[in-house]
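**Student:** Let's see this in three dimensions:
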Amino acid sequence: MSEKKDKKTVKSKKKKKAKTIKVGAFDKLSVQECHLIYPALLENAERHVKAAIAISEIKEYGIANAHLIMAADEYVKALSVYLAGWGLPVARIKTLTNYFAEQEEGYAVSPGVVIMGNFIRTLYTVFDQFSKSITQLSPSELTKIFSKDLSPISMVKKSTQYVDWWQQSKVRKDNGLYVTYNVELATPKDITAKDYAFSLTMIKDIHENCFGVIEFTKKIPKKRREQFFNWIKNYFEPFIQRLNKFPFNWKL
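**Tutor:** Next up is the predicted model:
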């Protein structure tokens, strides 16, 4: 009898199956899970960067570059999880511009989320300055505000730079770790010091922007944050819909 009880006890004490962070599943995490997960992702990203720098010192640039790409992956996942836990209405923001609508695919695991974070940061500044009075502004006045504060041309340039690097990185990560053959032979030695240096520059930029967005939004009190979300829904979004376009062209 005691053996049967022990077996039942063991079964009842079995650990729950561990959750894995799947691509595009960030919106399914609870607020508590988001607050638990994003610091671990940031920490792991930092670990990859340190590994990359150490490996680069022995001139194994392919392997070092692969670690930088893995760091970028963790940084953008961390920011995606953080913004979800912060309560950001991502779907609503995406509908405001063609740019974010076009970035739908792979949004949560691409550097596009960094641009989204900076967009929200500047949008909050506009909210803080104008609040409900935005409805009284003319389209030309609003254009001037966004052109000054959002700097759309520089945001698009940054986004394009991120996307170009990210698309190449998917291939270069594997090339930095493995020998591959597909018509042509590719080895980790093909990744140069110049390739590594450029990736390191990109990583520093992504790191700075991720932490900048997180630190900025952390300082916003909960009540003010809720007012900001309501402002987006009740004032900013209807105003943009009345204009039938965003007040500047995202395309260069």
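
**Student:** Going by C-alpha atoms from here, please, whenever you check contacts or count neighbours.
**Tutor:** OK.

**Student:** for residue 177, what are its contacts?
**Tutor:** Shown in contact with residue 177 (Cα atoms under 8 Å, 6 or more residues apart in numbering): 62-63, 66, 187-188.

**Student:** what's the closest of those to residue 232?
**Tutor:** Distance to residue 232 across those (Cα to Cα) is lowest for residue 66, with 39.1 Å.

**Student:** Name the helix or strand for the closest one, please.
**Tutor:** helix 61-86 (DSSP states H and E).

**Student:** Now for the closest residue in space to residue 70 that isn't next to it in sequence, how many residues are close by?
**Tutor:** Leaving out its chain neighbours, the residue that sits closest to residue 70 by Cα to Cα, 6 or more residues apart in numbering is residue 48, at 6.8 Å. Using other Cα atoms under 10 Å, residue 48 is surrounded by 22 other residues.

**Student:** Next, the buried residues of the host helix or strand of residue 48.
**Tutor:** Assigned by DSSP H and E, residue 48 belongs to helix 31-56. For helix 31-56, a neighbour-count test (16 or more other Cα atoms under 10 Å) marks 31, 34-35, 37-39, 41-42, 44-46, 48-53, 55-56 as buried.

**Student:** Enumerate every residue touching the closest residue to residue 217 other than its chain neighbours.
**Tutor:** The shortest distance from residue 217 to any residue other than its chain neighbours is 7.4 Å, reached at residue 121 (Cα to Cα, 6+ apart). Residues in contact with residue 121 (Cα under 8 Å, 6+ apart) are 213, 216-217.

**Student:** So for residue 121, what pLDDT did the model give?
**Tutor:** What the model reports as pLDDT for residue 121 is 79.

**Student:** Equivalent analysis for residue 248, please.
**Tutor:** So residue 248 comes in at 42 (pLDDT).

**Student:** before we move on, what about residue 147?
**Tutor:** So, for residue 147, pLDDT stands at 58.

**Student:** cool, residue 174 as well?
**Tutor:** On the pLDDT scale, residue 174 gets 86.

**Student:** Helix or strand: which one has it?
**Tutor:** Here residue 174 is assigned to helix 152-177, by DSSP H and E.
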